[in-house]
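Asker: return atomic coordinates for the entry below.
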Amino acid sequence: MPPRSLMIDEGLLQRMARDAAIYSLTRPAAIVMWVALAGALTLSILNLSTPLPAGAEPPFGAGWMPLLIIGLAVFAVVMSVSSARQAVRTAMPVETVVWAQLEDDVLRLGSGRRQSEIAYGTFQSMRVGRDAVLLKVRGTSAATAIPRALLSDADIATLRSRIS
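Answerer: Numbers count the residues shown, from 1 in each chain. Presented below is the predicted three-dimensional model:
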């Protein structure tokens, strides 16, 4: 079967980057970070609401701690979105023709003049978003993004069976 192909436009690029950012922000390590930030925020707010003995002053900077924690959370989201956009844009520039083909032993991908053949064993897991299929590379935090429109539901089922 010949590979499916499509032209990358700015809208698709942004939607794929959104899927990649959501993937990045909901990975187990990121969830641990969110729990730690939520705990720190809760403790800092409780610290602010604790009554002080007469004549005592609150710890230096205690009033800024909740804002600092919220700032760190916003920074994490902004950096994840920015990194996802940059990674997708680098792999698939706007107005590039991208294609994918599933073969027996490898996934063949192309973007512009570049082509890759990647063995299914290279991937640890996959997540299917609205506009991107993200394949996590085994042993790293990297993921390969493929436009969802290039893969049918049968292709996704085949990928799942070959990756797991």
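Asker: any stretches of the protein with poor pLDDT?
Answerer: 1-2 (pLDDT under 70).
Asker: what residues of the helix ranked longest in it count as buried?
Answerer: When the chain is scanned for its longest helix (criterion: DSSP state H), the result is helix 65-91. Residues of helix 65-91 classed as buried: 65-66, 69, 73, 76, 80-81, 84-85, 87-89, 91 (neighbour count, 16 or more other CB atoms under 10 Å). No exception for glycine: its C-beta is placed from N, CA and C like everyone else's.
Asker: endpoints of stretch 52-65, how far apart?
Answerer: Using CA to CA, to the nearest Å, one end of stretch 52-65 lies 17 Å from the other.
Asker: can you mark which positions in that stretch are buried?
Answerer: Within stretch 52-65, the residues that count as buried by 16+ other CB under 10 Å are residue 65.
Asker: is it fair to say residue 127 lies in a helix?
Answerer: No. Counting by DSSP: H, G, I helix; E, B strand; the rest coil, residue 127 is not part of a helix but strand.
Asker: beta partners for it?
Answerer: residue 134 (DSSP bridges).
Asker: so it makes contact with residue 24?
Answerer: No. Shown here, residue 127 and residue 24 do not form a contact pair, counting by CB atoms under 8 Å, at 10.6 Å.
Asker: helices or strands next to the longest helix of the chain in the packing?
Answerer: In this structure, helix 65-91 makes packing contacts with helix 10-25, helix 28-49, strand 143-147, judged by 3 or more CB pairs under 8 Å, 6 or more residues apart in numbering; DSSP states H and E.
Asker: deepest in the core, which of the ones you listed is it.
Answerer: Burial of the helices and strands packed on helix 65-91 is given as mean neighbour count (mean count of other CB atoms under 10 Å); strand 143-147 ranks first at a mean of 22.
Asker: angle of that strand against helix 10-25?
Answerer: 150 degrees (axes from the mean of the first three to the mean of the last three CA atoms, to 10 degrees).
Asker: off-centre distance for strand 143-147?
Answerer: Put simply, strand 143-147 sits 10 Å off its chain's centre (CA atoms, centre = their mean, to the nearest Å).
Asker: just the C-alphas of that strand, formatted as CSV.
Answerer: Extracted C-alpha coordinates of strand 143-147, given in CSV (Å, rounded to 0.1, in the frame of the first residue of the first chain):
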residue,chain,number,x,y,z
ALA,A,143,8.8,11.2,21.3
THR,A,144,8.2,11.0,17.6
ALA,A,145,5.1,12.9,16.4
ILE,A,146,3.1,11.8,13.4
PRO,A,147,0.1,13.7,12.1
